[in-house]
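**Q** Sequence and computational prediction follow.
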Amino acid sequence: MAELKVGIAGYGVVGKRRHACIDRHPDMRVVAVCDRVLPPEGGVKDGVKLLHDYRTLLEEDLDVLIVCLTNDIAPEVTIAGLERGLHVFCEKPPGRDLDDISRVIAAERANPALKLMYGFNHRYHESVQDALKLIQSGALGRIINMRGVYGKSQLITFNQPDWRTKREVAGGGVLLDQGVHMVDLMRLFAGEFTQVQSYISNATWGYDVEDNAYALMRTDGGVVGMLNSSATQWRHRFHLDVNLEKGSVILGGILSGSKSYGAETLTVVTANPESDNGDPKEQQTRYNRDPSWDEEIAAFARSILEDGPIESGSSEDAFRTMQLVYRIYYADPAWRARYGITNPEEYSL
């Protein structure tokens, strides 16, 4: 296959960013995009067809579909792409709930020759990849505990559309929309958290989705994780402490389009409890560029062109991360009763 012909469903900020990544890839070319804000009569710009509806997009001669749509329709379009014989890359989250991702996985299994990948973009940040390599090397011993905070000042920031405040469209609030990245990274580093306690709140903004989620979690191997996903973090913050037997790995800040989460850094702490008196040696690396979007698309293209597995961001990764999000929701008895949340343990791959 000389060139992968790509269609993009959903042409907002993220869709345009994915388009730019594809333009930089030597083996991919965007041939058509669709969005409800584009005129129904369509058109062509710079050789790319502009369409109004994803059904029309799927009639084009495509190899790959990129899905950048709201949580309510993303599973439907992902399934339609797979059934059309296309490789599909879908932004996170995979849908509103575990029903959505389960339906997608059924369609994926019915089309085993196709590749399906989810855009858990934080996995591809250089700081995260360097941290993962260090943790997996065993140089600092096993993980003892983790503490993560991912917060923004409101549910809607930087003139985003308001669908994130609507449960019927979004499925959840700040935990599902933004905190899902932190949930995914904690799983990536520590494995599966099977015991969860939580408190979920929408007491500040008053929407029908959460503006704060607090979780205390434990793996079967004894790793404890503490998480706060917040839409009342007035100073935007991304911070993850991973404490191990011989030191710590600390992720601070994340490079983003908004530039509001501070410098992206990785701090490595080498502990010697017998002599450092709680003031150990630290080495910090600061990352001044963000190649994660290009790297993520390149990994997807590579899996297609070489017929290899999705190494990071697979449908299983998406399912497990969504399952943990719903364990957090379900663990708060009041939230569970209020929204009738199904026990996530009823779902399996």
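**A** Cool, got the structure. Numbering: from 1, shown residues only.
**Q** Any idea how many residues pack against Pro280?
**A** When neighbours are counted by other CB atoms under 10 Å, Pro280 registers 15. Backbone N, C-alpha and C define where each C-beta goes, glycine included.
**Q** That one - nearest residue in space that isn't next to it in sequence?
**A** The spatial neighbour of Pro280 that comes closest, neighbours along the chain excluded (CB to CB, 6 or more residues apart in numbering), is Ala271 at 4.7 Å.
**Q** do you know how far the nearest residue to Ser102 once chain neighbours are set aside is from Met146?
**A** Among residues not flanking Ser102 along the chain, Tyr347 sits closest, at 6.1 Å (CB to CB, 6+ apart). The gap separating Tyr347 from Met146 is 24 Å, by CB to CB, to the nearest Å.
**Q** Ok, Asp162 next?
**A** Remark: distance between Asp162 and Met146 (CB to CB) = 33 Å.
**Q** Can you tell me which residue is spatially central in the chain?
**A** For the chain, Phe120 is the residue whose C-alpha lies nearest the centre (CA atoms, centre = their mean; 3.1 Å).
**Q** correct me, but that residue touches Thr321?
**A** Yes: using CB atoms under 8 Å, Phe120 is in contact with Thr321, at 7.2 Å.
**Q** Between those two, which contacts overlap?
**A** Val180, Asp184 (CB atoms under 8 Å, 6 or more residues apart in numbering).
**Q** ok, Gly42 touching Leu51?
**A** Yes: the pair Gly42 and Leu51 qualifies as a contact (CB under 8 Å) at a distance of 5.4 Å.
**Q** Settle it for me: which of these two has more neighbours?
**A** When neighbours are counted by other CB under 10 Å, Gly42 and Leu51 differ, and Leu51 comes out ahead with 26 against 14.
**Q** now the nearest residue to the more buried one once chain neighbours are set aside: how far from Asp53?
**A** The shortest distance from Leu51 to any residue that is not its chain neighbour, by CB to CB, 6+ apart, is 4.0 Å, and that residue is Cys34. Distance from Cys34 to Asp53, counting by CB to CB: 6 Å.
**Q** beta partners for Gly119?
**A** Gly119 has the following beta-bridge partners by DSSP bridges: Glu91.
**Q** What distance do you get for it to His25?
**A** Taken as CB to CB, the spacing of Gly119 relative to His25 amounts to 15 Å.
**Q** more neighbours, those two?
**A** Just comparing Gly119 and His25: by other CB under 10 Å the higher neighbour count belongs to Gly119, 24 against 16.
**Q** That one contacts Phe89, doesn't it?
**A** Yes: in this structure, Gly119 sits in contact with Phe89. The criterion is CB under 8 Å, and the distance is 6.6 Å.
**Q** Asp162 and Met146: which has the busier surroundings?
**A** Met146 (24 against 11).
**Q** list the buried ones in the helix or strand the more buried one falls within?
**A** Using DSSP states H and E, Met146 sits within strand 143-151. Going by neighbour count (16 or more other CB atoms under 10 Å), the buried part of strand 143-151 is Ile143, Asn145, Met146, Arg147, Gly148, Val149, Tyr150, Gly151.
**Q** need the contact list for the fourth one.
**A** Which is Arg147. When contacts are counted by CB under 8 Å, 6+ apart, Arg147 touches Gly225, Met226, Leu227, Leu240, Asp241, Asn243.
**Q** What is the burial count for the fourth one?
**A** To tie it back to what came earlier, the one meant is Leu240. By other CB under 10 Å, neighbour count at Leu240 equals 24.
**Q** Is it in a helix, a strand, or coil?
**A** Look at Leu240: counting by DSSP: H, G, I helix; E, B strand; the rest coil, its state is strand.
**Q** just the second one next, same as before
**A** Put simply, Met226 is strand when judged by three-state DSSP.
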